[in-house]
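Fold the following and give me the result.
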Amino acid sequence: MKYNWNVMIDGKEHKIVFTPGLIKGKRLVDGVVTLVQNTNWFIRLFDDAFEVDGKILHLTAIGNKIDLAVDGVYLNSKKTYTPIKTVPNWINILSGILLLTGMGFGGLVGLFIGAVFGICMIVYSISPKTVNPKPLCIGLASVAIVLQVLFFFMSLNLS
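I've put the predicted structure just below:
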């Protein structure tokens, strides 16, 4: 799926296209292609700032929500641009641990539990409304591990 925007800067129209990829996406500005690197291991997350005719534009993505900010306003959602925080390393490590414990304790269901809770932790940690994500993220990780262990013991009893 391609995302297209037409932006007027000083009376000149510029065509901006973003094509997502598995690891890297392609940003096309007036025919010039630039690769956009994802900044997270588990979900699409980036805040790519670039200049067009002296104006700074921000191409941002959180998961499947991709938008372009011009003059401090997103074009699709019409909301005010807020810089995307980077995901703390401890969140990435904790999400990876949830995936590994999910595979070890519950197979596909445990992996699914780990993936869902890991993505929730990542999204919560980058939210501009969140000041301190540690308490809730540690709580989410604890609940996920408890669910994975419960599913493991339930699968043993059913066999």
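
So, low pLDDT: which residues of the protein?
Where the chain drops to pLDDT under 70, the residues are 159.

longest helix of this protein?
Using DSSP state H, we find that the single longest helix of the chain is helix 89-126.

which helices and strands sit right next to it?
The contact analysis (3 or more CB pairs under 8 Å, 6 or more residues apart in numbering; DSSP states H and E) places helix 89-126 against helix 134-158. In short, each C-beta sits where N, CA and C put it, glycine included.

what about 10 Å?
strand 45-52, strand 55-62, helix 134-158 (3 or more CB pairs under 10 Å, 6 or more residues apart in numbering; DSSP states H and E).

State the distance from residue 125 to residue 40.
Distance, residue 125 to residue 40, using CB to CB, to the nearest Å: 10 Å.

And for residue 144?
Taking CB to CB, one finds residue 144 at 18 Å from residue 40.

same deal with residue 154?
32 Å.

which of these two has more neighbours?
Using other CB atoms under 10 Å as the criterion, residue 154 and residue 40 rank with residue 40 on top: 19 against 12.

Identify the residues contacting the residue nearest to that one when sequence neighbours are not counted.
Spatial nearest neighbour of residue 40, excluding adjacent residues (CB to CB, 6 or more residues apart in numbering): residue 87 at 5.4 Å. By CB atoms under 10 Å, 6 or more residues apart in numbering, the contact list for residue 87 reads 39-43, 45, 95, 121-123, 125-126, 133.
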